[in-house]
Every structure is written in structure tokens, then in C-alpha cells.
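Enquirer: let's see this in three dimensions:
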Amino acid sequence: MVKRRIKKGNFVLIVILIVAFLVRISYLYFLKDTVYFDPYIMDKHDQKTFILWAEQILKHPFYVDGKVFYMAPFYPYFLAFIYLLTGGNLIGIYIIQILIDVFLCYLIYLLGKIVIDEKTGLISSFLCSFYKTFVVYSSTILSDFLITFLYIAFITSIYISLKKRNLKCWIITGILLGFSALAKPTIGIFLPFLFLGLLIYKEDITNFKISPFKQKIFIFFLLILISGITILPITFRNWYVGKVFVPICSNGPINWKIGNSSDSIGLFCYPQGDLLSPLSSEFWKLFLKKLNLFFTSYEWPQNLNVYLMESIIPSLKFSFVRFGFIVPLGIIGLFLLFKDFRKNFLFITFTFSNILWVALFFITDRYRLPAVACFLISASYLLVWGYKEIF
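Expert: Just a heads-up that it's a prediction; the model follows:
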């Protein structure tokens, strides 16, 4: 009976992943006939910046343009790699990105299964396969699909490591933390929660014959060390070309000013006013405004407009899962997870961290994607829990 159930679950998952691939390929089929397919003609957009940056990396992998990296460099280096694999063919680049986005659907299944159960994982993966904004960003030269993938790979790897208590798994987790930081340094907001989450975890987390407390202290600093070593080549490169200490990229203060100046609107808009102090009431009023914008169902555009793409690409209408459906369910599901607080603390606070870093800066639809990936799991848990309670 158990084997039959496992086989059935595997079959359902394979069908979901095939459907996820077909949904994204269908979108790409129609996208190729639009002007939004070609990043080279998108002046003053990040799409063109990233593709030209990747070409510079291929010419000079270390020196690049001779300047300190302004934006996080992981995606441009990844883009340069798949550019090399495909010979610069945009269709080939997009297909590789689609395959990674389909693998994200699998990771969400795996995370949901580990944190809760297999049914939750399957429903989460299904919702992910039809989530409209994921589909749109899987076929564009923007970093957000890869950021989401790395963030979810990192938190999944934490739970796998907790389960296996294997040093090799923890080392892989540290590398994924470093990659996540190189893709989007805001992952650092999660580190205090990670430290606390390891401390309160009720079981051993390694096979070392030392006290549980020492195990957890050791693993936390091991993750910091491994991630630091992963980041170090970029830090050294920035120092070499600019003679300044910039661990990853230099645009953090600029983005902070966009979201936290006296005339900031909470969205992407270059401000002219003075920077607000976190000690001022105006700062926290603006923070609450951004928090409200975060939970609004509207997909706030920057560089790409989901509603415009939906109007010109017919197949996108079949991607029926939207922010306004997932997040209310996800919030309730997240509260239900508090019943096993010590086990679920890391997942709950990881979700919270992915809301916090967006609200601390400014709101766009693509910045919300890592939080949405977490809400897919908690929303699915609510659906499974509700079904059990009713029937």
C-alpha cells in the first residue's frame, strides 16, 4: 500500500512538472513574436543591461568593465555561462531558464513535503506551475527567477541538512547561502533568524559527539565561513579594480534611498528628498505604507508589466494562479504552522524575511517572488488542513 502511494505521488509530481514546462514553453512560443523577446532593443531597461554585461564577462571574466559591480553579479555570470552554451541564441537561453523554473516547482514540492507532508508539496508545486508572474519572469533576461530559485534551494537545503545531520549537506547549504547572497544580498536579513532557529531546534543537527548547543553554534559559523569563501572572489575582484571594500555590489545605498527618502512613494521612483532616519516616525509610516503595497494584489511593474504581457500573449491567460489568491491563504496557513513552532520557526521566519527586505526597500512584483514561493507552501497547507477538518 505504501509503495503504491509513493508511486502515485511520483506520477502526479511528474505530470505537474511536465505541465509546468508546457505552460512556460507555450508562453515563450508567443513571446518570440513580440518586441519584448529581444533584450537588445530594450533601452534603459535591466534586460539590456544584463545581456550586455554577460557579453562583457565573456570577453573579460575577471576585469569585466573595470568598475566595482553596481548590481549583484551572480545572474550576469550565470547568463554569460548559458550564453556560451547556446552561442547567444535567445531561444536557447530562455529554455534553460524555463528548465530552472520548472526545477523550482520541484523544490517547492520538496520543501512542502519536508516541512509539512507530501500532499502539501504536490499542491504547492501545482500552484507554482500555474503562477502567472513566475511564468512571465522565467522567459526574460532578469535575475528574479534565479534569485527565487536560489533562495528556495537554500532553505530546502537547510531542512535536508537538519534531517540528514550530514556535514557535506551543511557545506552545500553554506555554498547555496553564498550564491544566494551573490544573487541578492538581502538574504543577510535572514541570518539572525537562522542563528536563533538552529538554537531552538529540538534535535541534534550533526553526528558530532558534542553537546547540541555546540553543534548548532559550530554549524552556524560554518555556514557563515563557507558562504564567505564563496563570496570572497567577488569581494577581491571589486577591491582589485576599484580599491574599495565592496563585498558584493554597490547599489544597496541607492535602492535604500529610493525606498526611504522623504518623497519616496514606496515604489520604484527616483526621489529628490532627504533620506529618512530609521529613528524617525516618518520612516516607519513609510514602511507601513510599503507593507500595505506589498500585500496589495496588484502586480507593481518595473522593467516588465505582467498585465501588458497577459494582454498580448494568449496562453498566459491559462496561468490562473495570482498573488491575490495565494497570499491571503498563505498568511492563514503560516499562522497554523505556529502549532509546531520550534520545527517550523526557520520556514516561518524565512517567509517573514522575504517580506521584510522588500518592504524595507521598495515594492515591485518581481521582488515579491521569493515570499510568494513560501506562501505557496503555507497556502497549500491551509487547503490540506481545511479538507481534513471538514471531511
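Enquirer: which residues in the stretch 201-350 of the chain form helices?
Expert: Residue ranges of the helices in the stretch 201-350 of the chain, as given by DSSP state H, counting those that start in this stretch, are 212-242, 252-260, 281-294, 306-312, 323-336, 341-360.
Enquirer: so, low pLDDT: which residues of this protein?
Expert: For the chain, applying pLDDT under 70 flags the ranges 1-6.
Enquirer: what distance do you get for the residue nearest in space to the middle of the chain to Leu360?
Expert: The geometric centre of the chain, computed from its C-alpha atoms, lies nearest to Thr148 (C-alpha atoms, centre = their mean), at 1.9 Å. Distance of Thr148 to Leu360, computed by C-beta to C-beta, to the nearest Å: 18 Å. For the C-beta atoms, the positions are set from N, CA and C on the backbone; glycine is no exception.
Enquirer: cool, Phe341 as well?
Expert: To Leu360, Phe341 is 25 Å away according to C-beta to C-beta.
Enquirer: which one's more surrounded, the two?
Expert: Neighbour totals were compared for Phe341 and Leu360, and Leu360 leads with 17 against 10 (other C-beta atoms under 10 Å).
Enquirer: shouldn't the more buried one be in contact with Ile258?
Expert: No. Look at Leu360 against Ile258 with C-beta atoms under 8 Å: they stay out of range, at 11.4 Å.
Enquirer: how far off centre is stretch 141-154?
Expert: Distance of stretch 141-154 from its chain centroid, counting by C-alpha atoms, centre = their mean, to the nearest Å, is 4 Å.
Enquirer: now the host helix or strand of the residue nearest to the centre of the chain and helix 212-242, what's the angle there?
Expert: When elements are assigned from DSSP states H and E, Thr148 belongs to helix 144-164. Between the direction of helix 144-164 and that of helix 212-242, the angle (axes from the mean of the first three to the mean of the last three C-alpha atoms, to 10 degrees) works out to 150 degrees.
Enquirer: okay, buried residues for helix 144-164 please.
Expert: For helix 144-164, the buried set under the neighbour-count rule, 16 or more other C-beta atoms under 10 Å, comprises 144-162.
Enquirer: check contacts around the nearest residue in space to Ser157 that is not next to it in sequence.
Expert: Leaving aside its sequence neighbours, Ser157 sits nearest to Thr173 (C-beta to C-beta, 6 or more residues apart in numbering; 4.2 Å). For Thr173, the residues meeting the contact criterion (C-beta atoms under 8 Å, 6 or more residues apart in numbering) are 154, 157-158, 161, 223, 226.
Enquirer: so which bits of the host helix or strand of Thr173 are buried?
Expert: Under the criterion DSSP H and E, the helix or strand holding Thr173 is helix 167-183. Within helix 167-183, the residues that qualify as buried by neighbour count (16+ other C-beta under 10 Å) are 169-170, 172-183.
Enquirer: following that helix, which helix or strand shows up next?
Expert: helix 191-200.
Enquirer: which other helices and strands contact that next one?
Expert: Other elements packing on helix 191-200 under the criterion 3 or more C-beta pairs under 8 Å, 6 or more residues apart in numbering; DSSP states H and E are helix 212-242, helix 341-360.
Enquirer: list of residues touching it?
Expert: When contacts are taken as C-beta under 8 Å, 6+ apart, the neighbours of helix 191-200 outside the stretch itself are 158, 205, 213, 216, 219-220, 223-224, 342, 345-346, 349-350, 352-353.
Enquirer: could you give the angle of it to helix 167-183?
Expert: 160 degrees.
Enquirer: buried residues in helix 191-200, which are they?
Expert: 191, 193-195, 197-198.
Enquirer: and these, which is closest to Leu288?
Expert: Relative to Leu288, the closest of the buried residues of helix 191-200 is Phe193; by C-beta to C-beta it sits at 21.3 Å.
Enquirer: roughly how far apart are that closest one and Trp256?
Expert: Distance from Phe193 to Trp256, counting by C-beta to C-beta: 21 Å.
Enquirer: over to Pro233?
Expert: 26 Å.
Enquirer: ok, these two, which is more surrounded?
Expert: Under the neighbour definition other C-beta under 10 Å, Pro233 and Trp256 were set side by side, and Trp256 has more, 16 against 11.
Enquirer: now do the contacts for the residue lying closest to the more buried one once chain neighbours are set aside.
Expert: When the adjacent residues along the chain are set aside, Trp256 lies closest to Phe361, with 6.5 Å between them (C-beta to C-beta, 6+ apart). Listed by C-beta under 8 Å, 6+ apart, the contact set of Phe361 reads 186, 255-256, 258-260, 367.
Enquirer: just put those residues in CSV and tack on distance to Arg322.
Expert: Conversion of these to CSV gives the following (distance: C-beta to C-beta, whole Å):
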residue, distance to Arg322
Thr186, 24
Asn255, 26
Trp256, 30
Ile258, 26
Gly259, 24
Asn260, 29
Tyr367, 17
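Enquirer: so how do I select the buried members of these in PyMOL?
Expert: For selection in PyMOL, the members of the contacts of Phe361 meeting the burial criterion (16+ other C-beta under 10 Å) are listed in this command:
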select buried, resi 186+256+258+259+260+367
